[in-house]
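Asker: No letters, just coordinates:
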Ligand SMILES: [Fe+2]
């Protein structure tokens, strides 16, 4: 594990299933954006080797693959942990699910039960030892998702967007509200930072931002479109979800569909009902205009 320089004092630490942002506040202190996919002693070893104490961790959101080293960092360095207050509910639902389904046993013990400094939607900046980090509200993937801009102007996107190669492969990106996510992506499109760090795939330069937004938005709109085209006859909620999972290639015949995948289908269904393109009728879900399958 190593610190890969990105721009100025900002770098990244790549883990198998996560990218952590790191900003060097001084010779011997740093701030992290997210803390990693699993509890990883190598992270603490790396920081010790570099002589860096972590003063704070900004959590883009409280999904387990972004917060797994928070307890160790808080304990060893007294790091202050920041997250948006709207993450409380999302995180609780997710960790309750992990506990009851036991689908992801490696994450059951990383529940965010330590002290967290909660940010609200009005808060645009947070200073750590005088260095100012900008907070961008990017809800959608989760309700309290934020992007964090380091003092160098490197924008750590968390899961507000995926890199182009990853999103092109994604069958059904996890979303708590895909409409909000698209709005957040369009707001990010208007920014001009030298680099954008995506949580699971390194740094993207400003020149490639428009393509990244285009691709992320396109995938979301196509998923809505596929859901609607599939609805050529009324279905129960259960059938609609199952058929959409089949449509996206995420259904498993053995019934072992993960909670994350199933929830991603449910939230798209909710969005389409909210937008008026689907509706409830006699206990079934149906399209509000005639759909012809092509
Ligand atoms: Fe996430």
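Answerer: Sure thing, it's come through. The model shown is predicted, which means the values in this text are computed figures rather than measured ones.

Asker: quick one: buried residues of stretch 247-260?
Answerer: 247-248, 250-251, 257 (16 or more other CB atoms under 10 Å). Placement of C-beta: from N, CA and C, glycine included.

Asker: That one near the ion at all?
Answerer: No. Counting by CB under 5 Å from the ion, no contacts exist between stretch 247-260 and the ion, the nearest distance being 9.0 Å.

Asker: Can you measure across that stretch, start residue to end residue?
Answerer: The straight-line separation of the ends of stretch 247-260 (CA to CA, to the nearest Å) is 17 Å.

Asker: Which secondary structure state does residue 184 sit in?
Answerer: helix (DSSP: H, G, I helix; E, B strand; the rest coil).

Asker: to the chain's geometric centre, what's the distance from the strand ranked longest in the chain?
Answerer: Ranked by residue count, the top strand of the chain under DSSP state E comes out as strand 18-26. With CA atoms, centre = their mean, to the nearest Å as the basis, strand 18-26 stands 17 Å off its chain's centre.

Asker: Mind listing the strands it pairs with, and their directions?
Answerer: strand 10-15 (antiparallel), strand 29-33 (antiparallel) (DSSP bridges).

Asker: could you give me the average pLDDT of it?
Answerer: If you average the pLDDT over strand 18-26, you get 97.

Asker: just stretch 97-110 next, same as before
Answerer: Rounded mean pLDDT across stretch 97-110 is 81.

Asker: and it with the ion, contact?
Answerer: No. Applying CB under 5 Å from the ion, one finds stretch 97-110 separated from the ion by no less than 11.8 Å.

Asker: ok, and what's touching that stretch?
Answerer: 38-39, 64-65, 67-68, 70-71, 95, 258-259 (CB atoms under 8 Å, 6 or more residues apart in numbering).

Asker: mind giving me JSON lines with these and columns for secondary structure?
Answerer: Shown next, in JSON lines, are those (three-state DSSP):
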{"residue": "38", "secondary structure": "coil"}
{"residue": "39", "secondary structure": "coil"}
{"residue": "64", "secondary structure": "helix"}
{"residue": "65", "secondary structure": "helix"}
{"residue": "67", "secondary structure": "helix"}
{"residue": "68", "secondary structure": "coil"}
{"residue": "70", "secondary structure": "helix"}
{"residue": "71", "secondary structure": "helix"}
{"residue": "95", "secondary structure": "helix"}
{"residue": "258", "secondary structure": "coil"}
{"residue": "259", "secondary structure": "helix"}
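
Asker: remind me which residues of the stretch 151-294 of the chain are low pLDDT?
Answerer: 291-294 (pLDDT under 70).

Asker: OK, contacts around the residue of the stretch 1-150 of the chain found nearest the ion?
Answerer: Here the residue of the stretch 1-150 of the chain nearest the ion is residue 63; by CB to the ion that distance is 3.5 Å. Applying CB under 8 Å, 6+ apart, we find residue 63 in contact with 91, 94, 142, 159.
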